[in-house]
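[1] Provided below for reference: sequence and predicted model.
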Amino acid sequence: PLVTSKELFTKAYANKYAVGAFNVNNMEIIQGIVSAAKTENAPLILQVSAGARKYASPIYLRKLVEAAVEDSNLPIVLHLDHGESFDICKQCIDDGFTSVMIDASHHSFEENISITKKVVEYAHSKGVVVEAELGRLAGVEDDVQVSEKDAIYTNPEQAAEFVQKTGVDSLAIAIGTSHGAYKFKGEPNLDFERLQEIAKLLPNFPLVLHGASTVLPEFLELCNQYGGDIPGAQGVPEEMIRKATQFGVCKVNIDTDLRLAMTAAVRKELFADPKNFDPRKYLAPARTAIEEMVRHKIVNVLGSDNRI
Ligand SMILES: O=C(COP(=O)(O)O)N(O)CCCOP(=O)(O)O
Ligand SMILES: [Zn+2]
């Protein structure tokens, strides 16, 4: 069924695992993700970004997720990723989303509180849950000044105040992750002391990690072997994500690793059969690549297998 993340996070927190939040943009991606979760008996968050709405149009994505729920009978959350305003959050809530993120993290602390509060009030009146963000998603260099790090990463005391004042259901925090395939110039590292501080001030409160893709070398190499040019990309080592799930992180956002797996499969298939021009011939392996990647994440990183 279509569910909110409330119970999923309560169970994830208590058992120290995280629910995968995978971005969806088309049929094959949704089918791959959902078949993986079905195989592993894992709860699932399918999230829709602004880019996905533009690419596929909201109604197609909604109907594809409806099909996924009907076909799989899994507990699935339909989540708005990085909602930029109250209006888009309201629109998605009215369209049947069960969870929305209002990302007002680029506003002032006070402004972030007031916008988030407004979304929470409306969402809760419709039985929908809300994720907000505090701090800036950005990896900072090792030698950066602490003060600069404090300006970017989530401040633990502020996080506690923010949750108390907004009534938000989960909080995306900044501890060194960032979106995309180029997360760190030097050694990958996350600010675990900060994460533990936040978790201590917000006991039993679900934390969210954005920018949690690993950028697995074998998919990078596969892409580059078949015509890709993605030099020097690196993500968050999987053991760091596993560690984060031990300190209150209940939702882990993964998009880049799906993109790399899918792109590698398409490149390889196109290279292997130059005579082919049936899209099903390279989209089927792409779907399988998504499925295998999601199974890997569920079992080896999130620990959300057999948690239904
Ligand atoms: O946290 C993440 C993904 O992190 P990742 O890049 O490490 O997978 N996300 O919220 C996904 C953001 C995707 O937005 P868009 O569709 O506009 O490109
Ligand atoms: Zn994000």
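    Looks like it came in fine. Ligands and ions are numbered 1, 2, ... in the order given.

[2] quick check: phi and psi on the one residue in the stretch 51-200 of the chain that gets nearest to ligand 1?
    Residue of the stretch 51-200 of the chain nearest ligand 1, by Cβ to the nearest ligand atom: G51 (3.1 Å). All C-beta atoms are positioned from the backbone trio N, CA, C, and that covers glycine. Torsion angles at G51 (phi, psi; degrees, to the nearest 10) stand at phi -60, psi -40.

[3] likewise N23?
    Comment: the main-chain dihedrals of N23 come out as phi -80, psi 140, following degrees, to the nearest 10.

[4] how close does the residue lying closest to it once chain neighbours are set aside get to P274?
    Setting aside the residues directly before and after it, N23 is nearest to D255 in space (Cβ to Cβ, 6 or more residues apart in numbering), at 3.9 Å. With distances defined as Cβ to Cβ, to the nearest Å, the gap from D255 to P274 amounts to 30 Å.

[5] and the two? which has more neighbours close in?
    Neighbours of D255 and P274, each counted by other Cβ atoms under 10 Å, are more numerous for D255; the result is 24 against 7.

[6] dump the residue contacts of the more buried one.
    Counting by Cβ atoms under 8 Å, 6 or more residues apart in numbering, D255 touches 22-23, 49, 179, 213.

[7] about what we covered before: the residue of the stretch 51-200 of the chain closest to ligand 1: neighbour count?
    What G51 shows, counting by other Cβ under 10 Å, is a neighbour count of 13.

[8] okay, the nearest residue to it once chain neighbours are set aside: pLDDT?
    When the adjacent residues along the chain are set aside, G51 lies closest to N25, with 7.6 Å between them (Cβ to Cβ, 6+ apart). You'll see N25 listed with a pLDDT of 98.

[9] cool, and D142?
    Turning to D142, the model gives it a pLDDT of 59.

[10] cool, and D150?
    pLDDT, D150: 80.

[11] so it sits in a helix?
    Yes - checked against DSSP: H, G, I helix; E, B strand; the rest coil, D150 lies within a helix.

[12] so where's the longest strand in this structure?
    Once the chain is assigned using DSSP state E, the strand that runs over the most residues is strand 76-83.

[13] output the contacting helices and strands for that one.
    Contacting strand 76-83 under the criterion 3 or more Cβ pairs under 8 Å, 6 or more residues apart in numbering; DSSP states H and E are the following elements: strand 19-23, strand 44-48, helix 58-72, helix 86-94, strand 99-102.

[14] starting at the chain centroid, how far to the last one?
    If I follow you right, that is strand 99-102. Remark: strand 99-102 is offset 12 Å from the chain centroid, using Cα atoms, centre = their mean, to the nearest Å.

[15] where does this protein have low pLDDT?
    Residues of the chain that meet the criterion pLDDT under 70 lie in 139-146.

[16] quick check: residues of it near ligand 1?
    Counting by Cβ under 6 Å from any ligand atom, the residues of the chain lying close to ligand 1 are 23, 49-52, 81-82, 179-180, 210-213, 253-256.

[17] okay, which residue is most central for this protein?
    Among the residues of the chain, the smallest C-alpha distance to the mean C-alpha position (Cα atoms, centre = their mean) belongs to N253, namely 1.6 Å.
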